[in-house]
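Enquirer: This is a predicted model, with the sequence first.
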Amino acid sequence: MSLQRFGIVGGGAWGTALAQVLSRAGRSVTIWAREDDAVTAINRDHINPLFLPGVALDPGIVATGDLAGVAAVDALLLVAPAQHLRSIGTALAPHIASGLPVVICTKGVEEQSGALMSEVVSAVLPQAVPAVLSGPTFAAEVARGLPTAITLACRDAVLGQDLIATMGTREFRPYFSDDVIGAEIGGAVKNVMAIACGVVLGRGMGDNARAALITRGLAEMVRLALAKGGRPETLMGLSGLGDLTLTCSSTQSRNHSLGLALGKGEKLADFIAARRSVAEGVSSAAACAALARQLKIEMPIVFAVDAILHRGAAIDQVVEALLARPFKQEAGG
């Protein structure tokens, strides 16, 4: 398959960074951005100061505000915020050719329905062939060409290998998996765990507590993946443990920074109002908690973050409840 022309739906930091990756790989790239200022800056000045300041973009990258224009490509990357993917996908549907490869680069769970992003895409773009790109990636580092490894998950192994061959470079290294569900679960739940880790550090509870949250958070991710039909070994790779470790350990993460601010006493509404980029873990906390209850699985850290963000629970009381849980055997506990 010849995949030379790529469209990217979403002109935020990650979409812009992926445009850089594809351009370095020698592909033609068009970005769709909702913000007129971003479109103008990318086309005229070859920068995206709204979402990725300080990074010079390849002059060959083109931006547009026209969804129909971005869809006339060999492959499409969806990088819109998780809670808007359904509406944007619905608007894209009339312009998507049958069999078009669509790579889901959004991490999250739809709050209204509890659907994974691949389930949303299957519903609104049934003519497309989906894949998932997920792993430990900070957009600014990817855009600057720093070494990055990531999971490319696709049920169609031939398409998956074609995407890897056309997207991969010396610095940007995709690894193939056929476990789409597992890759998605890792990318969604790690954002919730990053908020939890930030809260713990903001409250001055130390690195031991953060390490415990990362480890027990991984167990929760595995539980949810198994319940949805994913494989536990996927969560031990880049889209699970790799992404979890990165996001829970750095203030470059929007979700980790949000948790840190909450732990120090800042209000959620104030944090969100002061930033342009979306912290996907806010909506994913509610969605993952609801999904876990529906599937009858225990995800106490996810439940705790949901309680803090959406149910008015006091942080100290939530932490106390977690510490009061019964002692259990580690494996499967």
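Expert: Happy to help now that I have it. What you are looking at is a predicted structure, and each value in this text was computed from that prediction instead of being measured. Numbers count the residues shown, from 1 in each chain.
Enquirer: For stretch 87-101, buried residues please.
Expert: Going by neighbour count (16 or more other Cβ atoms under 10 Å), the buried part of stretch 87-101 is I88, G89, L92, H95, I96, L100, P101. All C-beta atoms are positioned from the backbone trio N, CA, C, and that covers glycine.
Enquirer: Can you tell me how far T16 is from D243?
Expert: Look at T16 and D243: by Cβ to Cβ, to the nearest Å, they are 19 Å apart.
Enquirer: ditto for I272
Expert: 22 Å.
Enquirer: how about the helices in the stretch 101-250 of the chain?
Expert: 117-124, 139-143, 157-167, 180-202, 206-228, 243-247 (DSSP state H, counting those that start in this stretch).
Enquirer: since we're on N255, how many residues are nearby?
Expert: 27 (other Cβ atoms under 10 Å).
Enquirer: So for it, what's the pLDDT?
Expert: Looking at N255, its pLDDT reads 93.
Enquirer: isn't it right next to V278, touching?
Expert: No: the pair N255 / V278 is not scored as a contact, 9.9 Å apart, by Cβ atoms under 8 Å.
Enquirer: What separation is there between the residue nearest the centre of the chain and G69?
Expert: Nearest to the geometric centre of the chain sits K107, at 2.5 Å (Cα atoms, centre = their mean). Here the criterion is Cβ to Cβ. By it, K107 lies 26 Å from G69.
Enquirer: how does this protein divide up, domain by domain?
Expert: 5-178, 187-323 (automatic domain parsing).
Enquirer: got those domains as CSV, with distance to E330 columns?
Expert: Listed next are the domains of the chain as CSV, based on distance: least, Cβ to Cβ, whole Å:
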stretch, distance to E330
domain 5-178, 24
domain 187-323, 8
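Enquirer: Going by mean pLDDT, which of these comes out lowest?
Expert: Taking the mean pLDDT of the domains of the chain, domain 187-323 comes last: a mean of 94.
Enquirer: can you give me how far that one is from the chain middle?
Expert: 13 Å (Cα atoms, centre = their mean, to the nearest Å).
Enquirer: show me what contacts A139?
Expert: Counting by Cβ atoms under 8 Å, 6 or more residues apart in numbering, A139 touches G12, A13, W14, T16, A17, L52.
Enquirer: Now do the strands in this protein.
Expert: Counting by DSSP state E, the chain has strands at residues 5-9, 28-32, 62-64, 75-78, 101-104, 129-134, 148-153, 172-177.
Enquirer: so can I have a markdown table of these showing distance to K328?
Expert: Below are these laid out as a markdown table (distance: least, Cβ to Cβ, whole Å):
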| stretch | distance to K328 |
| --- | --- |
| strand 5-9 | 43 |
| strand 28-32 | 47 |
| strand 62-64 | 51 |
| strand 75-78 | 39 |
| strand 101-104 | 35 |
| strand 129-134 | 29 |
| strand 148-153 | 30 |
| strand 172-177 | 30 |
